[in-house]
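Below are the sequence and a predicted model for it; my questions follow.
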Amino acid sequence: MDGDFIKTIVRKYRPKGWRVRESKRRSKSQSGLAVWKTKTLLVPVLEDGPSLFVFLHECGHVRLGHGTVPRPRHQEEYEAEKFAIHAMKVEGLSISPGVLNHAKINVWNRIAEDEAKGIKISKHILRWAKTCHEATI
């Protein structure tokens, strides 16, 4: 995946008014963050499919309004993961099993947190995340 292609994807999906900050530190953990106060997406260095997936996931949070309307965390993470999966497919990019597994583990962990708080879990989200969890038992 070349740099020009990645720049094109970033231009296409970056939410209007938001900036993107890449960090080598985030590359190791493949984590991202949408900072609503500063309208900044903190993402790994955008150099490959997994880092682009993280970027798209954070774009999903913004485009879906997750910082503006309270929702259960597991729902927000599921929606952002599905946004990233859809965007990757639309752009003709493959998603490695490891990246998909990581996405499902992320949602599974948010489900556990929400359950501990007594928040009702959406059945379709539980089914989606459970396919990964069962494979890791």
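Yep, it's here.

With adjacent residues omitted, what lies nearest to residue 60?
In space, not counting the residues next to it along the chain, residue 60 is nearest to residue 83; the distance is 2.9 Å by C-beta to C-beta, 6 or more residues apart in numbering. Yep, even glycine has a C-beta here, placed from its N, CA and C like the rest.

Report the buried residues of the helix or strand where that neighbour lies.
When elements are defined using DSSP states H and E, residue 83 is found to belong to helix 73-90. Burial within helix 73-90, assessed by neighbour count using 16 or more other C-beta atoms under 10 Å, is assigned to 73-85, 87-88.

I'd like the next helix or strand past the helix or strand of the chain with the lowest mean pLDDT.
For the chain, using mean pLDDT, DSSP states H and E, the weakest element among its helices and strands is helix 24-29, scoring a mean of 70. Scanning the chain past helix 24-29 towards its C-terminal end, the next helix or strand to appear is strand 33-35 (assignment: DSSP H and E).

For the protein, which segments count as strands?
19-23, 33-35, 40-44 (DSSP state E).

so which of the ones you listed comes closest to residue 92?
With C-beta to C-beta, the closest approach to residue 92 among the strands of the chain belongs to strand 40-44: 20.7 Å.

dump the residue contacts of the one residue sitting closest to the centre of the chain.
Nearest to the mean C-alpha position of the chain, by C-alpha atoms, centre = their mean, lies residue 57 at 2.6 Å. By C-beta atoms under 8 Å, 6 or more residues apart in numbering, the contact list for residue 57 reads 32, 80, 81, 83, 84, 103.
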